[in-house]
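*Asks:* Give me a 3D structure for the following:
(chains A and B)
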Amino acid sequence: MKKKILHKHPLVIRWFHWLNFPILALMIWSGLLIYWANDVYKISFGQTLVFHFFPENFYKTFNISFHLAEGMSWHFALMWLFFINGILYVAYTLISGEWRYLLPDKNSFKEAWQVLLHDLHIRKFHPTQIKYNGAQKIAYTLIIVMGVGSIVSGLAIYKPVQFNWAMNVCGGYGNARGIHFILTIGYVLFFLVHIVQVIRAGWNNFQAMVTGFEIFKSTKAEQHEES
Amino acid sequence: MKNPNSKLEEFVDAKSIKRKSVVAFCIFFLMLVVGFATWKWINNQPTDQGALRPLRKVLDVNEKFFSAFFDSTKLVKEYPLSAAAKKVRVNGIEGIRDNVDEDTWRLNVIKDNGDTLKITLDEIKLLPKKNIVFDFKCIEGWSQVTHWAGVPLKEFMKHYHLKNEAMKKYVGLSTPDHGYYVGIDMPSALHPQTLLCYEMNGKALPKIQGYPLRLIIPVKYGVKHLKRIGTMYFSDKKPADYWAERGYDYYTGH
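*Replies:* Next up is the predicted model:
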């Protein structure tokens, strides 16, 4: 018996994706160990404190306090893996032509809006797509831009004199730390939305990130799940 | 309607799909195990100067890598005097807990030939003085624009004919009680903005800021700006470093 499959994720992209997951997770963890030593960021409304990054019980739960040296040693080791993995991923998408599926075009923003309406159950119709819909294209491209931002702002904090161009791009040393922090919060938010969407999209979509292909249930099913 | 995915679609034998899926998931779980094992292995390694050995090795590689293109013509940004903080932050008092006797205090410079120069503060003040207002950066993540003055270490070494000493790879500094000590690579020590500093905000250093003489080295984090210098020596081996022994990076250079 023959089944129809959709070749979705090339092998190397699957490797880059799954390697990035623990690397980024550990970068965020070690980054928190560093951030704790000067945890100055907060959201406040006028004089009223809305949220302090981070409350004491958060530090306690994740055993973050008093691990600055440990955080730095992990952060400055894993930065290489994060950087190399990211560079190779971008290089691969460019050389293989995979970027064509990933880079948003002028239709993507309209499409992303339609996807959002669909996902919020406001609209039945889901736009047809090749591999990724408009919302995904925007999200997966934005995350690369964020990665570049983390590297540039990270360099600005790590070597503010030798990489003074990076510090100037960030608008100073203090701003570089702020940007580095906000981008990290961005990764966490991305991760949460990503997980929800992967669960919603179902098993066939998820297993494609491991096997590389989606399997059609029957040959007449032309429409496949979103991812 | 034409299917936009047609190029990516293929009819494949169901058995082969199953086999490919099983192989892919086996590799996936194997990598999961390898990942966890690597994490466990690194965390079970002995520590080297307070850092897990594999991570200490990476820190040392980072040091070699980044010091290889250290450019001493790149200067730390300087600010106008008005930008300098009046209340200067104090972060550590290791090595300066006891009192200092200003009459007997000397800067002991241990020369290559074993001689020790004993230099008074007044002698140091005779050397060309440089003011600097810069963003003092702490390894903890805060920074503060502060105003310091003293003699550039490079000029000091020239004046005292420490030519052979300048050929060494490192400068070691320690407080008179040896309670705090740092090691600094020579290129950073000879950076034009590195000062033997005796003034803060235009006045003699407060005791808590390292009176009578401290190091100001803007191309390094605050941990290297040793307060109350007692001894200066030169070595090709890494001098002992208080925080590097406690798990921190040795280089901590900018």
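
*Asks:* Might you report the residue contacts of A:S65?
*Replies:* Counting by Cβ atoms under 8 Å, 6 or more residues apart in numbering or on different chains, A:S65 touches A:W36, A:Y59. Bear in mind the C-beta positions are built from the backbone N, C-alpha and C, glycine included.

*Asks:* Mind telling me what element it is part of?
*Replies:* Using DSSP states H and E, A:S65 sits in no helix or strand.

*Asks:* ok, it to B:H178 distance?
*Replies:* If you measure A:S65 against B:H178 using Cβ to Cβ, to the nearest Å, the figure is 30 Å.

*Asks:* Over to A:L19?
*Replies:* Distance from A:L19 to B:H178, by Cβ to Cβ: 46 Å.

*Asks:* Those two: who's more crowded?
*Replies:* Of the pair A:L19 and B:H178, A:L19 is the one with more neighbours under other Cβ atoms under 10 Å in any protein chain shown, namely 18 against 12.

*Asks:* How about B:V88, nearest residue that isn't a chain neighbour?
*Replies:* Distances taken as Cβ to Cβ, 6 or more residues apart in numbering or on different chains put B:T146 closest to B:V88, at 5.3 Å, once the chain neighbours are dropped.

*Asks:* Retrieve the pLDDT associated with that neighbour.
*Replies:* Looking at B:T146, its pLDDT is 98.

*Asks:* and it, how far is that from chain A?
*Replies:* 14 Å (Cβ to the nearest Cβ, to the nearest Å).

*Asks:* Please spell out which residues along the lengthiest helix in chain B are buried.
*Replies:* In chain B, assigned by DSSP state H, the helix with the most residues is helix B:14-44. For helix B:14-44, burial by neighbour count (16 or more other Cβ atoms under 10 Å in any protein chain shown) applies to B:I17, B:S21, B:A24.

*Asks:* residue ranges for the helices of the stretch 151-254 of chain B, please.
*Replies:* For the stretch 151-254 of chain B, applying DSSP state H, counting those that start in this stretch gives helices covering B:153-159, B:163-166, B:186-189.

*Asks:* longest strand anywhere in chain B?
*Replies:* Counting residues, the longest strand found in chain B (DSSP state E) is strand B:143-152.

*Asks:* Which neighbouring elements make contact with that strand?
*Replies:* strand B:130-137, strand B:195-200 (3 or more Cβ pairs under 8 Å, 6 or more residues apart in numbering or on different chains; DSSP states H and E).

*Asks:* cutoff 10 Å now
*Replies:* Judged by 3 or more Cβ pairs under 10 Å, 6 or more residues apart in numbering or on different chains; DSSP states H and E, strand B:143-152 is in contact with helix A:173-201, helix B:121-125, strand B:130-137, helix B:153-159, strand B:195-200, strand B:214-216.

*Asks:* ranking the ones you listed by burial, who's on top?
*Replies:* Most buried of the helices and strands packed on strand B:143-152 by mean neighbour count (mean count of other Cβ atoms under 10 Å in any protein chain shown) is strand B:214-216; its value is a mean of 25.

*Asks:* and it, which strands flank it?
*Replies:* strand B:195-200 (antiparallel) (DSSP bridges).

*Asks:* Could you give the average pLDDT over the strand it pairs with?
*Replies:* The predicted model assigns strand B:195-200 a mean pLDDT of 98.

*Asks:* Please export the C-alpha coordinates of that strand as CSV.
*Replies:* In CSV, the C-alpha atoms belonging to strand B:195-200 read as follows (Å, rounded to 0.1, in the frame of the first residue of the first chain):
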residue,chain,number,x,y,z
LEU,B,195,46.0,54.1,35.9
LEU,B,196,47.8,53.8,39.2
CYS,B,197,45.1,56.0,40.7
TYR,B,198,45.3,58.2,43.8
GLU,B,199,42.3,60.6,43.3
MET,B,200,38.6,60.2,43.0
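
*Asks:* Using a markdown table, lay out the helices of the stretch 151-254 of chain B together with distance to A:F125.
*Replies:* Formatted as a markdown table, the helices of the stretch 151-254 of chain B follow (distance: least, Cβ to Cβ, whole Å):
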| stretch | distance to A:F125 |
| --- | --- |
| helix B:153-159 | 71 |
| helix B:163-166 | 75 |
| helix B:186-189 | 63 |
